[in-house]
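Chemist: Next one to model:
(chains A and B)
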Amino acid sequence: MLIKIRSIANVGLETVPVDVEVDVASSGFPGFTIVGLASKAIEEARERVKTAIVNSKLDFPPKKITVNLAPADLPKDGSAYDLPIALGILLASGQVGIPENLDLTKAFFYGELSLDGSLRPTRGILLLALFAQKIGPDTKIFVPELSASEAVVVTGTKIFPVSTLSQLAGHLLGREIAPLKARSIPTDDEDILMESNLSEIAGQEQAKRALIIAAAGGHNLLMWGPPGTGKTMLSRALPGILPPLNPAEALEVTRIYSVSGLLNTGQPLVLRRPFRAPHHGISNAGMIGGGSNPLPGEVSLAHLGVLFLDEMPEFPRTVLESLRQPMEDGTVEIVRVAGHVKYPASFTMIAAINPCPCGYLGHPKRECKCSDKQIAKYRHRISGPILDRVDLFVPVSAVESEKLSLTGNKEVNRISSKEAKKQVIKARNIQSKRFKNEEKRSLYTNSQMKNSDVKKYCFLTPEAENLLKLAADRFDFSARSYFRLIKVARTIADLESTEKILPVHMAEALQYKQII
Amino acid sequence: MLYKKLDNWQKIPELQKLLDLSTPPRQLYYSGNLNPEIFKDCVAVVGSRKMTDYGSRVVEKIIPALISSGKTVVSGFMYGVDQYAHRICTESGGQTIAVLGWGINTILTGEDFKLAKKIISSGGLLLSEWETMKASHWTFPSRNRIVAALSSEVIVAEAAEKSGSLITAAMACKLKRKLWAVPGPITSRTSKGTNQLIAKGVAKIWLGESSQISFLPDDPLVQILLNEALTTDEIARKLQMPVSEAGAKLSLLLLSGQIMEKGGKYFIADAN
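Modeler: Numbers count the residues shown, from 1 in each chain, chains lettered A, B, ... in the order given. Modelled structure (predicted):
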């Protein structure tokens, strides 16, 4: 008897339906074959399925069993076909029947089996739920209980959490499993436990201000200064001042984390903006994504969040150069044998660099040991095109602790992360109002504006324009840095809730011009 | 880089001063367009390979003054103060002579090559007493004697205790050239050599032209910059002013040319 079970394959973030055809032949030599470009993990499903069925007190038929994963030309990977294969065998051998209320063409099965017949957490559940939602209103999905919460925010499909194979067999025999109740997407309003609070960082007033501007406008930021001045600490404070993800964004980020299998059990959605800080030993594939069946890299995991590159010149040059496409387009395309995959990768880059290899160039007390050549070589590691995509440059200089202790608590520049977050959210709200007609182009922040948008949305007072021209003349700006300055000035004006860009905003933006 | 031999340099009147040396160079080779006038009124600006911010500001101050009084700047083309002096000189429209510590046919690369091209295109010269000689520990002192002999005055901009520029200074004394040293903070290692030259009475103390501060706005921000160079953070802290406001003000003052910025620190444009 032939049975067709529906399942899916995730190619990047795209979901493709896969039919798992199971045939238990009435004649022929007993055996178990899987065809349809199955990977090693799927080949091994034979042993898992066989043992799981037996250990679930069910019968594994001693007959010729053939499984085809259609479409047969799409390479398939992963262990999620265990459940549909096992179910197909049970149905095809007639041990369980198909109840009337279950339409097999509208039910999807997905999950990895353990030898004892229980289901293990499986990645990509959210994508399955979104796919089922797209197909139709009365679809059902059967997924491992431990991963089912991923899908809980998807409405329009019934989600059945399955804990064991025998439970599923029981369900088909009439012992109902209760479907999960759909929940709406919560918005993150609780205070995130921060690694460091802005108010705990001594000095570095300008760097803190730059951090707020970066968070408000999504601008890329480069901090530059000797070691031990707080560059890393400052960047760690950034997640605490970023605005929460809105529901659409949360779903977008969660999809990526679902595919990578990085969602914690019981965590339905990623609600915080991601903060990724890869080590500089990272490979190209690790940064932009890769593998024979390409998985998202750090740039995609930082989607809608922050990618922090500490000691940026220490990253391999090829890795830095590979950031150019995602920084420009907000997506990354990976081509491998298995196919062509496109992942979103729209992130804010925060980079920290030392002024020279030893780190002490320009330090008030310590001597720099580097030669001019070494310094020039060090700076050349970061190419112009990457620097060109950085909007804010800020020097982080060594702070002499005795000077700091003199300034008491009534410091005007003292700001806590909570206050900063409020400012950022306010500025983001202004931006979302400004770009409400541009959502199709996924233009959400000032930093994403193209030159034509700058002309359309950024109005300078004549005085501010004069100032900009004067500065362009004096500092020899390229056309790109000219527009970059206007974008930064726009964000500064948004932080002050001012509609037009005033000379003060422009003058402050000039503080963050390119310094290397 | 193309080079030529300077035939019979002993016959060029502008180069007679080289004969003051006990061992004048046998030959001279040069790159660039030769006009003997360039040797007429030379001042050497020399210093350490390790240059601090202070040293670079000193050079930026000395060179324009020399150029405006029509001098040629001579230096040793070594990275640090020497190369910076050449660079500032070309940027300020002056002529400069780079005396090389190696043979003239040595191929220059990278920044060295760019600077050499700049020196020549601005009317300056590269000069060496050797055609094919590798740089080694004795070629540099040998080069220093030419630097000193070519110049009527030698200014040591910044020098640590064992800087090679002190050899140039000693040579200048021997040749009875006028020797200047720029004083530095007594806490700075890179000013120890220059300070010692002054302390021993070998060199005269260089204080630059006493320029009068013509007009300074009565702005507290400008006032606190009179005494020391400060970062934006320090200014905001001292004046208890929001850093955004301080930054905006600094940009405006910078554009109006009243203050200058270097390595993140601000200072009054001509008070130093």
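
Chemist: Show me the shaky parts of the chain.
Modeler: Because you didn't say which chain, this covers chain A. When residues are selected by pLDDT under 70, those of chain A lie in A:185-195, A:266, A:400-410, A:516.

Chemist: looking at chain B here, not the other one
Modeler: B:209-217, B:270-272.

Chemist: Please repeat the previous calculation with a cut-off of 50.
Modeler: Within chain B, the ranges that satisfy pLDDT under 50 run B:210-214, B:271-272.

Chemist: Please, which helix or strand holds the residue most central in space within it?
Modeler: Ranked by distance to the mean C-alpha position of chain B (C-alpha atoms, centre = their mean), the top residue is B:A85 at 3.2 Å. Assignment of secondary structure by DSSP states H and E places B:A85 within helix B:81-91.

Chemist: Need the contact partners of that helix.
Modeler: Contact partners of helix B:81-91, identified using C-beta atoms under 8 Å, 6 or more residues apart in numbering or on different chains, comprise A:372, B:45-49, B:51, B:55-56, B:59-60, B:62-64, B:67, B:73, B:75-77, B:95-96, B:98, B:112, B:115, B:118-119, B:121-122, B:124, B:157-158, B:165. C-beta: built from backbone N, CA, C; applies to glycine.

Chemist: angle of whichever strand or helix holds B:F113 against helix B:81-91?
Modeler: Secondary-structure element containing B:F113, defined by DSSP H and E: helix B:110-121. Using axes from the mean of the first three to the mean of the last three C-alpha atoms, to 10 degrees, the inter-axis angle of helix B:110-121 relative to helix B:81-91 is 40 degrees.

Chemist: Does chain A have contacts with helix B:110-121?
Modeler: Yes: under the criterion of C-beta under 8 Å from any C-beta of the partner chain, chain A is reached by helix B:110-121 at B:G110, B:E111.

Chemist: coming back round to it: any idea which helix or strand comes after the helix holding B:A85?
Modeler: Scanning forward in sequence from helix B:81-91, with DSSP H and E defining helices and strands, the next element found is strand B:96-99.

Chemist: residues touching A:D329, list them.
Modeler: By C-beta under 8 Å, 6+ apart, the contact list for A:D329 is empty.

Chemist: still on that earlier bit, distance from the helix holding B:F113 to the middle of the chain?
Modeler: For helix B:110-121, the distance between its averaged C-alpha position and the chain's averaged C-alpha position is 16 Å (C-alpha atoms, centre = their mean, to the nearest Å).

Chemist: again with stretch A:490-500
Modeler: Relative to where its chain is centred, stretch A:490-500 has its mean C-alpha point 29 Å off (C-alpha atoms, centre = their mean).

Chemist: got the residues of chain A near chain B?
Modeler: For chain A, the contact set with chain B under C-beta under 8 Å from any C-beta comprises A:203-209, A:362, A:367-368, A:371-373, A:376, A:395, A:397, A:399, A:403, A:407, A:411-413, A:467, A:470-471, A:474, A:492, A:503-505, A:507-508, A:510-511, A:515.

Chemist: which residues in the stretch 351-500 of chain A form helices?
Modeler: A:372-380, A:384-387, A:401-406, A:417-434, A:451-457, A:462-475, A:479-495 (DSSP state H, counting those that start in this stretch).

Chemist: how about CSV for those helices, with mean neighbour count added?
Modeler: Shown next, in CSV, are the helices of the stretch 351-500 of chain A (neighbours: other C-beta atoms under 10 Å in any protein chain shown):
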stretch, mean neighbour count
helix A:372-380, 15
helix A:384-387, 15
helix A:401-406, 10
helix A:417-434, 19
helix A:451-457, 14
helix A:462-475, 16
helix A:479-495, 23
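
Chemist: For A:F131, find the nearest of these.
Modeler: In terms of C-beta to C-beta, the element of these nearest to A:F131 is helix A:417-434, at 28.6 Å.

Chemist: isn't A:L468 right up against A:L485?
Modeler: Yes: taking C-beta atoms under 8 Å as the definition, A:L468 is a contact partner of A:L485 at 6.6 Å.

Chemist: what is in contact with these two at once?
Modeler: Counting by C-beta under 8 Å, 6+ apart, the contacts common to A:L468 and A:L485 are A:M506.

Chemist: quick one: contacts of stretch A:37-54?
Modeler: Here stretch A:37-54 has contacts from A:32, A:34, A:59-60, A:69, A:72-79, A:81-82, A:85-86, A:89-90, A:112-117, A:165, A:293, using C-beta under 8 Å, 6+ apart.

Chemist: Which of these fall within strands?
Modeler: When DSSP state E defines the strands, the subset of those inside them is A:F32, A:I34, A:L69, A:E112, A:L113.

Chemist: And the fourth one, how far from chain B?
Modeler: It stands for A:E112. Between A:E112 and chain B the distance, using C-beta to the nearest C-beta, to the nearest Å, works out to 54 Å.

Chemist: May I ask you to confirm that that residue is in contact with A:S79?
Modeler: Yes: in this structure A:E112 lies within contact range of A:S79 using C-beta under 8 Å: 3.9 Å.

Chemist: quick one, what contacts residue 232?
Modeler: I'll assume chain A. Under the criterion of C-beta under 8 Å, 6+ apart, the contact list for A:T232 reads A:D310, A:A352.

Chemist: um, chain B though
Modeler: By C-beta under 8 Å, 6+ apart, B:T232 lies in contact with A:E205, A:Q206, A:Q511, B:V243, B:A246, B:G247, B:L250, B:G264, B:Y266.

Chemist: now it: how far from B:K238?
Modeler: As defined by C-beta to C-beta, to the nearest Å, B:T232 lies at a distance of 11 Å from B:K238.

Chemist: Shouldn't A:A169 be within a helix?
Modeler: Yes: going by DSSP: H, G, I helix; E, B strand; the rest coil, the assignment for A:A169 places it inside a helix.

Chemist: residue contacts, it?
Modeler: A:S56, A:L58, A:L90, A:Q95, A:V96.

Chemist: Bridge partners for B:V43, pull those for me.
Modeler: Residues found in beta-bridge contact with B:V43 (criterion: DSSP bridges) are B:V73, B:E153.

Chemist: can you check A:A352 too?
Modeler: With DSSP bridges applied, A:A352 shows beta-bridge pairing to A:M223, A:D310.

Chemist: Domain-wise, how is chain A divided?
Modeler: Each domain of chain A is listed here as a residue range: A:2-172, A:198-431, A:449-516, per automatic domain parsing.

Chemist: got the ones you listed as CSV, with distance to A:S184 columns?
Modeler: Converted to CSV, the domains of chain A look like this (distance: least, C-beta to C-beta, whole Å):
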stretch, distance to A:S184
domain A:2-172, 7
domain A:198-431, 8
domain A:449-516, 29
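
Chemist: who wins for proximity to B:S142 among the ones you listed?
Modeler: Using C-beta to C-beta as the criterion, the shortest distance between B:S142 and the domains of chain A is 22.4 Å, found for domain A:198-431.
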